[in-house]
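A.B. asks: please work out how this folds:
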Amino acid sequence: MIAQVNQFLDYLASECGLSQNTIQSYRHDLTAFVLYLDESRCSGFQSVTADTVLAHMVRLKEKGLHANSVARALVTIRMLFRFLWAEGKIPENATSLLESPKLAKHLPEVMTEREVTALLATPDASRTRGLRDRAILELLYATGARVSEVSRMTLDSLHLELGYVRCLGKGSKERIVPVGEQAAAAIREYLASARPVLLRGRNVEWLFPGARSAPLTRKAIWQILKKTALKAGIGRRISPHTLRHSFATHLLEHGADLRAIQEMLGHADIATTQLYTHMDRSRLKAIHRRFHPRA
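C.D. replies: Numbers count the residues shown, from 1 in each chain. Below you'll find the predicted structure:
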């Protein structure tokens, strides 16, 4: 079970870009949960029921944990089970019917359009890895795809002549996402000049091959983004998910329909996508406060 917890935490770090302090808090909560499962002789996460989770919550309260700490533990466990279910590690999500406590929601960070432009212009297109890095970053921003979707994208997912790519999302749900000409051009140049060099004679299906016959990992892509952002002079922490949030926010700011954004992001529920309307209103308020003479 610890191995699956580590996979989840790696996903949070590499794809969602959470800070090490947050990751450590989640690790603490999940380690306590795994210890409880071991003591309860639970054979694995696939054997966990909603009653098991609730019993653990009762135990935490009996130990004197603050209500906020217990609530955070429940949220963390629910996140873990959503991840395991989406990855096909468990047959069903035992926590799906458990109601999450109402915690304060923080709007995600987004990049400005100027920052995105600087980021995409930074990779050195005269170098093989620079062509690859530019293609990866262009694809992330052009499609709003999750880093896991880009990591495991195959050559037959590309339909650049028709202007779209196929993304395989959570729960193996496939969706079609348009890709702009600038991103398509970067991918074509990568395919023509860089990918054959990186393959070194291997024959693999992955668009971005990594070591041996495996795809480039989520962590490797996050490191590429981190390094490129630093070179671009972006002085704050960004992650692949920041590009996903920026994709949706910039579309909304330029008048895109919320339902269309939902479709492109692969959100099952429009309520998830509606987060970006709150972000847009917050940005408008900030602009008003800054520039209105009587704000």
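A.B. asks: state the pLDDT value of residue 294.
C.D. replies: Residue 294 carries a pLDDT score of 60 in this model.
A.B. asks: for burial, what's the neighbour tally of residue 198?
C.D. replies: Residues near residue 198, counting by other CB atoms under 10 Å, number 16. All C-beta spots, glycine's among them, are computed from the backbone N, C-alpha and C.
A.B. asks: right, and it touches residue 209 too?
C.D. replies: Yes. Using CB atoms under 8 Å, residue 198 is in contact with residue 209, at 6.2 Å.
A.B. asks: residue 42 is in contact with residue 48, isn't it?
C.D. replies: Yes. When contacts are counted by CB under 8 Å, residue 42 is listed as touching residue 48 (6.3 Å).
A.B. asks: which of the two has more neighbours?
C.D. replies: The neighbour count for residue 42 versus residue 48, taken as other CB under 10 Å, is higher for residue 48 (24 against 16).
A.B. asks: what's the separation between the more buried one and residue 36?
C.D. replies: Note on residue 48: its distance to residue 36, by CB to CB, to the nearest Å, is 10 Å.
A.B. asks: and residue 190, by the same measure?
C.D. replies: Separation of residue 190 from residue 36 (CB to CB): 48 Å.
A.B. asks: between these two, which has more neighbouring residues?
C.D. replies: Neighbours were counted for residue 190 and for residue 36 using other CB under 10 Å; residue 190 has more, 24 against 16.
A.B. asks: identify the residue spatially nearest to that one, adjacent ones excluded.
C.D. replies: residue 135 (3.8 Å; CB to CB, 6 or more residues apart in numbering).
A.B. asks: ok, the one you found - how many residues close by?
C.D. replies: 26.
A.B. asks: that one is in contact with residue 185, isn't it?
C.D. replies: No. Using CB under 8 Å, residue 135 is not in contact with residue 185, being 9.5 Å away.
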